[in-house]
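J.: heads up, no residue letters with this:
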């Protein structure tokens, strides 16, 4: 009788234990899912605000045309999605929208920027470097590449502490576009040609899994000295402490793959050469 009672109690205890962990696993899943949904919603909301500014400019008589969510190939196994491509007589703008909350610190050349929000710090990707890939894809598509300009718009107007002339607040978007002048006006015939080429591009929101259409694995491509990001040739280079493959299309493509650590002699030789080069 006692053994049956103990068995029932043990069974109830195991069931309660399983239910407890199942409950918390479900809560964690919901939190992660909601975080991803919030991130996507914030991005859509930011793009919508930029769209309203562009629409208002067209309504006011500005000669400009824009395309949303253009999907372009940037290599053998990847595609990229551009928030806005804006065509105006004074330039073609590849626009990346960012809807970050908080104070943003960064430089044009940095790999990452720092976002401070509610006493918390986190690293976020350099949006200009993200946009470089978009420009690379756009440049491969268009015959007239000289007119392309990179532009990052901070929807929450927090670009003040980012050291880059082409990272601007949403409030300044209209003035920036109207007053932009790089001595490279687009002729009317070229405008018409660009409109046709951009109009033929596929558009629409795509998921990350659909972003990369893998033809070959990354390792196979690297072994053949082909960049898995842009399809360019990989060149063997030396860095501080490592021998690595770098893409020939640098700085437009920043892909690297470490091969092996440098030997002590190789590292000394590299440091001596780098020191002489820097002192010139």
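T.: Alright, I've got the coordinates. Remember, predicted model here, so these are calculated numbers, not experimental data.
J.: all strands in the stretch 1-150 of the chain, in order from the N-terminus.
T.: 65-73, 79-88, 91-98, 103-107, 112-117, 120-125, 148-154 (DSSP state E, counting those that start in this stretch).
J.: looking at the sheet around residue 233, what are its partners?
T.: For residue 233, the beta-bridge partners are residue 226 (DSSP bridges).
J.: Report the separation between it and residue 47.
T.: Going from residue 233 to residue 47 by C-beta to C-beta, to the nearest Å gives 35 Å. Bear in mind the C-beta positions are built from the backbone N, C-alpha and C, glycine included.
J.: what's the answer for residue 261, then?
T.: Noted for residue 261: a distance of 43 Å to residue 47, by C-beta to C-beta.
J.: So which of these two has more stuff around it?
T.: Taking neighbours as other C-beta atoms under 10 Å, residue 261 and residue 47 compare with residue 47 leading, 19 against 11.
J.: Please name the residues that touch the more buried one.
T.: 68, 83, 84, 97 (C-beta atoms under 8 Å, 6 or more residues apart in numbering).
J.: My guess is the last one contacts residue 83. True?
T.: Yes - A contact is recorded between residue 97 and residue 83 when judged using C-beta atoms under 8 Å, the distance being 4.8 Å.
J.: shared neighbours, the two?
T.: Shared contacts of residue 97 and residue 83, counting by C-beta under 8 Å, 6+ apart, come down to 47, 50.
J.: how far is stretch 79-93 from where the chain is centred?
T.: 15 Å (C-alpha atoms, centre = their mean, to the nearest Å).
J.: And for stretch 132-142?
T.: 13 Å.
J.: Report the buried residues of that stretch.
T.: Within stretch 132-142, the residues scored as buried using 16 or more other C-beta atoms under 10 Å are 132, 133, 134, 135, 136, 137, 138, 139, 142.
J.: Read off the pLDDT value for the third one.
T.: You'll see residue 134 listed with a pLDDT of 89.
J.: I'd like to know how many residues surround the residue nearest to residue 122 when sequence neighbours are not counted.
T.: The shortest distance from residue 122 to any non-neighbouring residue, by C-beta to C-beta, 6 or more residues apart in numbering, is to residue 115 (5.3 Å). Around residue 115 sit 19 other residues, with neighbours defined as other C-beta under 10 Å.
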